[in-house]
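> Model the structure of this input:
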Amino acid sequence: MPAIPKHRQPIIRAAVALFRQRGYSATGLNDIVDSSGAPKGSLYHHFPGERRR
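Just a heads-up that it's a prediction; the model follows:
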């Protein structure tokens, strides 16, 4: 049975909240990680294609 992705939703919620507050261009990956409480590796694990852009 696959593991339940416990960090994905907190990352998404944190990103949405920060984008609304600061705007997309003023929000960094570290801001999202800090706000979500998720490890930085979880960001890259759940959104693998995003780091190449």
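> low pLDDT regions in this protein?
1-4, 50-53 (pLDDT under 70).
> And the residue nearest the centre of it?
residue 11 (3.5 Å; C-alpha atoms, centre = their mean).
> where's that one, which helix or strand?
Under the criterion of DSSP states H and E, residue 11 resides in helix 8-22.
> Likewise for residue 44?
Using DSSP H and E, residue 44 falls in helix 40-46.
> which strands and helices sit next to that helix?
Judged by 3 or more C-beta pairs under 8 Å, 6 or more residues apart in numbering; DSSP states H and E, helix 40-46 is in contact with helix 8-22, helix 29-36. Backbone N, C-alpha and C define where each C-beta goes, glycine included.
> Kindly state which of these is positioned closest to residue 42.
helix 8-22 (6.8 Å; C-beta to C-beta).
> who touches the closest one?
With C-beta atoms under 8 Å, 6 or more residues apart in numbering as the test, helix 8-22 has contacts from 27, 31, 32, 33, 35, 36, 37, 38, 42, 43, 46, 47.
> What's the PyMOL syntax to select whichever of these are buried?
Selection of buried members from the contacts of helix 8-22 for PyMOL, criterion 16 or more other C-beta atoms under 10 Å:
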select buried, resi 27+32+33+35+36+38+42+43
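> got the contacts of helix 8-22 as TSV, with distance to residue 21 columns?
Shown next, in TSV, are these (distance: C-beta to C-beta, whole Å):
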residue	distance to residue 21
27	8
31	10
32	12
33	16
35	10
36	14
37	17
38	18
42	22
43	19
46	22
47	20
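> For residue 8, give its distance to residue 25.
Distance of residue 8 to residue 25, given as C-beta to C-beta, to the nearest Å: 24 Å.
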